[in-house]
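Asks: Test case, fold it:
(2 chains)
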Amino acid sequence: MQRAGLTGLVLLVYAAHQDVWWWRETGPMLFGFLPPGLWYHVGYTLAVSALMGLLVWRAWPAWLEEEVERHAHPHEEREV
Amino acid sequence: MIPTLIVFAYLATVVYIGVFAFRHGGRSNSAEQFFVAGRQLGPLVFLLSLFGTNMTAFAILGASGFSFQNGIVTYGLMASSSALVIPLCLFLFGTRIWALGKKHGYLTPVQMYRDRWQCGDIGTVIFIVQAVLLVPYIIIGVMGGGTALAAISGGLIPYWAGGAVVAVVVMSYVFFGGMRGTAWVNTLQTALFLIFGAVAFVLIGRGMGGFGEAAAALASAPETRALLTRERFTPEFFLSYTLIPLSSITFPHMSIFCLTARRMAQFKPTVMLYPICMVAVWLPSVFLGVAANHARGVPAIERKLEARARLAQPGLAPEQRADLRRQAGGDDILLVLLHHYAPVWLAGVLGAGIMAAVMASDSQILALSTMFTEDVFAYYGGKERFGEAAQVNTGRAFVVAVTAVAYLIALEAPARIFDLAVQYAFSGFAAMTPLLVGALFWRRSTRWGALAVAVWTLAAVAAVAAFQAFVPPPASGQTVVWEMGGAAALARTPGGTTVFGYLPVVPMTLISALLMWAVSLATRPPDAATVARFIPARHAHR
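Replies: You can find the predicted model right below:
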């Protein structure tokens, strides 16, 4: 369920990249010099950073590193 | 003169870093030490170096040059899409590549493919395709070096000499320092650019009378208004670009770099902070490129604008058009702005920062050398016959040979940095993404599916190159070569090729995925034990 939700969120963010609604607009300008086609994508980039934080927090493939450890020390568990 | 001296001091520093890394590694002739820094890079070096590896001449000079000519669309085309796709690829593929490399001792992606699909010679075909596609990217670095040094020195150092200096410097620290030297140099480069880039952004803005004034002037003039919108590009074109950053993880230097982390946890800050680094570097590069259209009293920019205006006139001969296009090109625009608006010392430091970004071709050169020595020399018996020391020395000799060839090609290459990079290397590697998906996530994928992807990628890149060589670009609009149902199925545009309005990377990647799927299903899968080494049953997608 969580995996489906996160996958859906990633797809939604991917779709949000295609901001066709202000394709030809020069305003409103943010800080007086950033046109919408630029400030939207700067904000988008920062939102992506938050999304990546969420993925790392909720879906980090920790089992990969555990497998590497097991592979490197195959007898450790038995000894413990 | 002072900026040139500062840049040369910087170049001497990076050569020293290469030598220092050589000493630090105990002059080791171990392949793992030389090619992947003993898999011992720490978190900060891993983040900054990985980012620096992607900040090539293409990103810095190409981006501001493309923005100068096409406007703010550049940021959405490459920066924000890369900010999503690259960290996502590191999260999904990079972590798995790291784990498999650590478990099985891989130094190259081809070693992984060979094991995964039990395919020796097909692995060699994949190596060839990767090598052919990587060379243009290396050439970009040398071309960028020539352009940058010529601009920083105010023409004192000609393009050919600048390219030669950059080639020799890069070759030296890669030769001595291997992956450790390359990673340290990339870390320094990224830090330099992140710190001083922001300072330059503010200073150039002030020098131009404020960005607000520049933006207002550009928005109010009919001939420049479009630079602040995306109206010159179609949404299909814009969408196409979101596939190009897929190439980031299939580029061998990036896959190999994933093997250098000491622990997998080092991917965490990289995945989260990569988008922030993108904003920090791309926003100034893009905005300064656009704002340069408003710069007044800068002769170099005025000449470019004049050439652009003449280019818009009808009735020009193809040679005249090519000449004017070269004059109007913006690959040196950032350096021209620095030269004019920044204090001399800062222009020098930032020139060094730009040189740093330009020299990111070091990773590609090292990757190609790693691939040659591991996938060809060692695989075909060279390591057994001559030993590991000879293998590392072969890698070093290969570094020298590749750099020399790239330099010679760069002297003759006519295309602008941006176009060359996107059309060949980036699209080709994006089309190879199904190889990684198949190897890491799909148990049913087969060697024949992998071969189909590799052959298709090479054929498609060659077809696009041939098409663009034989069909001359129109002055504006598009030349429709093939129509289907009233739509332009295949068209030549001033900057390249479109297929149903999309860039070639879209059909290339989709057909590649289709081939991996169809050919794999039609052929015998690898044995279950082999597959289980790569994809444990609970994580498989049947």
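
Asks: Now do the phi/psi pair for A:Pro35.
Replies: Note on A:Pro35: backbone dihedrals following degrees, to the nearest 10 are phi -70, psi 160.

Asks: wait, what's in contact with it?
Replies: For A:Pro35, the contact set (Cβ atoms under 8 Å, 6 or more residues apart in numbering or on different chains) comprises A:25-27, A:29, B:72, B:215, B:219, B:228-229. For glycine as for every other residue, the C-beta is placed from the backbone atoms N, C-alpha and C.

Asks: Excluding residues flanking it in the chain, which one is nearest B:Gln40?
Replies: Spatial nearest neighbour of B:Gln40, excluding adjacent residues (Cβ to Cβ, 6 or more residues apart in numbering or on different chains): B:Arg262 at 5.2 Å.

Asks: Distance check, that neighbour against chain A.
Replies: B:Arg262 sits 11 Å away from chain A, taking Cβ to the nearest Cβ, to the nearest Å as the criterion.

Asks: quick one: average confidence on stretch B:409-422?
Replies: Per-residue pLDDT values over stretch B:409-422 give a mean of 61.

Asks: swap that for stretch B:109-117, please
Replies: Averaging pLDDT along stretch B:109-117 yields 95.

Asks: Could you do stretch B:195-205 as well?
Replies: On average, the pLDDT along stretch B:195-205 is 81.

Asks: Tell me the helices and strands packed up against the helix or strand B:Gly52 falls within.
Replies: Here B:Gly52 sits within helix B:43-54, counting by DSSP states H and E. Identification of packing neighbours for helix B:43-54 by 3 or more Cβ pairs under 8 Å, 6 or more residues apart in numbering or on different chains; DSSP states H and E yields helix B:159-207, helix B:252-257, helix B:267-291.

Asks: what angle sits between that helix and helix B:267-291?
Replies: 40 degrees (axes from the mean of the first three to the mean of the last three Cα atoms, to 10 degrees).

Asks: contacting residues around helix B:43-54?
Replies: Contacts to helix B:43-54, defined as Cβ under 8 Å, 6+ apart, come from residues B:41, B:82, B:86, B:90, B:182-184, B:186-187, B:189-191, B:193, B:248, B:253-254, B:257, B:260-261, B:265-267, B:269-270, B:273-274, B:277, B:356-357, B:360, B:363.

Asks: Buried subset of the residues you listed, written for PyMOL?
Replies: Buried subset of these, written as a PyMOL selection, criterion 16 or more other Cβ atoms under 10 Å in any protein chain shown:
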select buried, chain B and resi 41+82+86+90+182+183+184+186+187+189+190+193+248+253+254+257+260+261+266+267+270+273+274+277+356+357+360+363
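
Asks: now the strands: where do they sit in chain B?
Replies: Secondary structure of chain B by DSSP state E: the strands cover B:479-484, B:487-493, B:496-499.

Asks: Just the buried residues of the helix ranked longest in chain A, please?
Replies: Longest helix in chain A by number of residues, with DSSP state H as the criterion: helix A:36-59. The neighbour-count check on helix A:36-59 (16+ other Cβ under 10 Å) flags A:36-42, A:44-45, A:47-49, A:51-52, A:55-56 as buried.

Asks: picking up where we left off before, surely the residue nearest to B:Gln40 touches B:Leu41?
Replies: Yes - look at B:Arg262 against B:Leu41 with Cβ atoms under 8 Å: they come within range, at 6.3 Å.

Asks: and the angle from the helix holding B:Gly52 to helix B:159-207?
Replies: Per the same axes, to 10 degrees, the angle that helix B:43-54 makes with helix B:159-207 is 110 degrees.

Asks: Quick one: mean pLDDT for helix B:43-54?
Replies: The model assigns helix B:43-54 a mean pLDDT of 87.

Asks: buried sites along that helix?
Replies: Of the residues in helix B:43-54, B:43, B:45-54 count as buried by neighbour count, 16+ other Cβ under 10 Å.

Asks: excluding its backbone neighbours, what's nearest B:Phe201?
Replies: Spatial nearest neighbour of B:Phe201, excluding adjacent residues (Cβ to Cβ, 6+ apart): B:Pro284 at 4.0 Å.

Asks: Contact partners for the one you found?
Replies: B:197-198, B:200-201.

Asks: hmm, 10 Å instead?
Replies: With contacts defined as Cβ atoms under 10 Å, 6 or more residues apart in numbering or on different chains, B:Pro284 is in contact with B:60, B:63-64, B:193, B:197-202, B:204-205, B:334.

Asks: repeat for B:Glu231
Replies: B:Glu231 makes contact with A:23-26, A:37, B:71, B:73, B:225 under the criterion Cβ under 10 Å, 6+ apart.

Asks: same question, B:Phe196
Replies: Applying Cβ under 10 Å, 6+ apart, the residues near B:Phe196 are B:342, B:346, B:349-354.

Asks: Relative to B:Val15, how far out is it?
Replies: Going from B:Phe196 to B:Val15 by Cβ to Cβ, to the nearest Å gives 21 Å.

Asks: Equivalent analysis for B:Val461, please.
Replies: The spacing between B:Val461 and B:Val15, counted by Cβ to Cβ, is 34 Å.

Asks: Skipping its backbone neighbours, what lies nearest the residue of the stretch 301-450 of chain B at minimum distance from chain A in space?
Replies: Closest approach between the stretch 301-450 of chain B and chain A, counting by Cβ to the nearest Cβ: B:Leu440, at 10.6 Å. Excluding its sequence neighbours, the residue lying closest to B:Leu440 (Cβ to Cβ, 6+ apart) is B:Arg96, at 4.8 Å.

Asks: what does B:Leu436 give?
Replies: Nearest one to B:Leu436, counting by Cβ to Cβ, 6+ apart, is B:Phe93 at 5.2 Å.

Asks: and if you look at B:Ala295?
Replies: B:Ile301 (4.9 Å).

Asks: surely that neighbour meets B:Leu335?
Replies: No - applying Cβ atoms under 10 Å, one finds B:Ile301 not in contact with B:Leu335, separated by 11.4 Å.

Asks: Look at the two and report which has more neighbours.
Replies: Ranked by neighbour count (other Cβ atoms under 10 Å in any protein chain shown), B:Ile301 and B:Leu335 place B:Leu335 first, with 27 against 20.

Asks: A:His71: which of the contacts of B:Glu231 is nearest?
Replies: Set against A:His71, the nearest of these by Cβ to Cβ is B:Val73 (47.3 Å).

Asks: ok, the closest one touching B:Gly289?
Replies: No - using Cβ under 10 Å, B:Val73 is not in contact with B:Gly289, being 11.1 Å away.

Asks: what do these two both touch?
Replies: By the contact definition Cβ under 10 Å, 6+ apart, B:Val73 and B:Gly289 are jointly contacted by B:66-67, B:227.

Asks: that older thread, buried ones among the contacts of A:Pro35?
Replies: With burial judged by 16+ other Cβ under 10 Å, the buried subset of these is A:26, A:29, B:72, B:215, B:219, B:228-229.
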